[in-house]
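# mind folding the following:
(one chain, ligands or ions: 2)
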Amino acid sequence: MYAVAFVEDEKCIANKGCRLCILYCPEADTLKFDPVKKKAYVVESRCKGCELCVVVCNNAKHNAITMVMR
Ligand code: SF4
Ligand code: SF4
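Ligands and ions are numbered 1, 2, ... in the order given. All right, here's what the predicted structure looks like:
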């Protein structure tokens, strides 16, 4: 088991232009924008569990990312 980031669609405001987590994630092609749903999402197989995306999303008061065990 290991922790990976998970974006809650209901809280994510990527549809309003937010890309903070996508910009800050240090792993390439891991936090991405879904052009259909217009939300951010995590490619779980690539996530290293650093939680940086949680910090930046929480700092911006969106609180849309949680760590989940896989
Ligand atoms: S930082 Fe939060 S609100 Fe912004 S795109 Fe990422 S998950 Fe969505
Ligand atoms: S936990 Fe780290 S590696 Fe995983 S999506 Fe967030 S910023 Fe990227």
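
# alpha carbons only for contacts and neighbour counts from here, please
Will do.

# so where do the strands sit in the protein?
Under the criterion DSSP state E, the chain carries strands at the ranges 3-7, 31-34, 39-42, 65-69.

# which elements pack onto the third one?
The reference is to strand 39-42. For strand 39-42, the elements it packs on are strand 3-7, strand 31-34, judged by 3 or more CA pairs under 8 Å, 6 or more residues apart in numbering; DSSP states H and E.

# so how far is the shortest one from its chain's centroid?
Which is strand 31-34. Chain-centre distance of strand 31-34: 8 Å, with CA atoms, centre = their mean, to the nearest Å.

# partner strands of it and their direction?
strand 39-42 (antiparallel) (DSSP bridges).

# what residues of the partner strand count as buried?
Applying a neighbour-count criterion of 16 or more other CA atoms under 10 Å, the buried positions in strand 39-42 are 39-42.

# other residues contacting the longest helix along the chain?
Counting residues, the longest helix found in the chain (DSSP state H) is helix 52-59. Applying CA atoms under 8 Å, 6 or more residues apart in numbering, the contact partners of helix 52-59 are 5, 20-22, 24-25, 63-67.

# which among these count as buried?
Neighbour counting with 16+ other CA under 10 Å marks 5, 21-22, 25, 63-67 as buried within those.

# which parts of this protein sit against ligand 2?
When proximity is defined by CA under 6 Å from any ligand atom, the chain lies next to ligand 2 at 4-5, 25-27, 30-31, 42, 47-53.

# number of residues surrounding Asp9?
16 (other CA atoms under 10 Å).

# so how far is Asn63 from it?
In this structure, Asp9 and Asn63 are 11 Å apart, going by CA to CA, to the nearest Å.
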